[in-house]
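Student: How does the following fold in three dimensions:
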Amino acid sequence: MADWGPVAVGVILFVLLSPGFLFQFPGNCRSMEFGNFETSGRSILMHTLIFFGLFALFTVVIGVHIYTG
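Tutor: From the prediction side, this is the model:
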């Protein structure tokens, strides 16, 4: 049996936390901007840290598992 939980969590978080897609933290002009489809080095770093924290939370602490086969 394959555990697809971490894969699904990673894909969903990657799409939702892409800088500029839903929100950008920190923004170019303000501390948070919504739906501007722009990015910067600082926002890439912040979104990477948020992604790592949420991914670790969902896969290790909560233990999301999706088994197939």
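
Student: measure stretch 59-69 end to end?
Tutor: Terminal residues of stretch 59-69 lie 20 Å apart, using Cα to Cα, to the nearest Å.

Student: Contacts for it, please.
Tutor: 1-6, 8-9, 58 (Cβ atoms under 8 Å, 6 or more residues apart in numbering). The C-beta positions use only the backbone N, C-alpha and C, and glycine is treated the same way.

Student: for it, what is the average pLDDT?
Tutor: Stretch 59-69 shows a mean pLDDT of 89.

Student: Equivalent analysis for stretch 23-33, please.
Tutor: Across stretch 23-33, pLDDT averages out at 87.

Student: Can you give the contact residues for it?
Tutor: With Cβ under 8 Å, 6+ apart as the criterion, stretch 23-33 contacts 20, 34-36, 38-40, 42-43, 46-47, 50.

Student: picking up where we left off before, filter the contacts of stretch 59-69 to the buried ones?
Tutor: 5, 9, 58 (16 or more other Cβ atoms under 10 Å).

Student: Figure out the helix or strand that the second one lives in.
Tutor: Meaning Val9. helix 5-16 (DSSP states H and E).

Student: Apart from its chain neighbours, what residue comes closest to Glu38?
Tutor: Gly20 (5.0 Å; Cβ to Cβ, 6 or more residues apart in numbering).

Student: Also Phe37?
Tutor: Counting by Cβ to Cβ, 6+ apart, Phe37 lies nearest to Gly20, which is 4.8 Å off, once chain neighbours are set aside.
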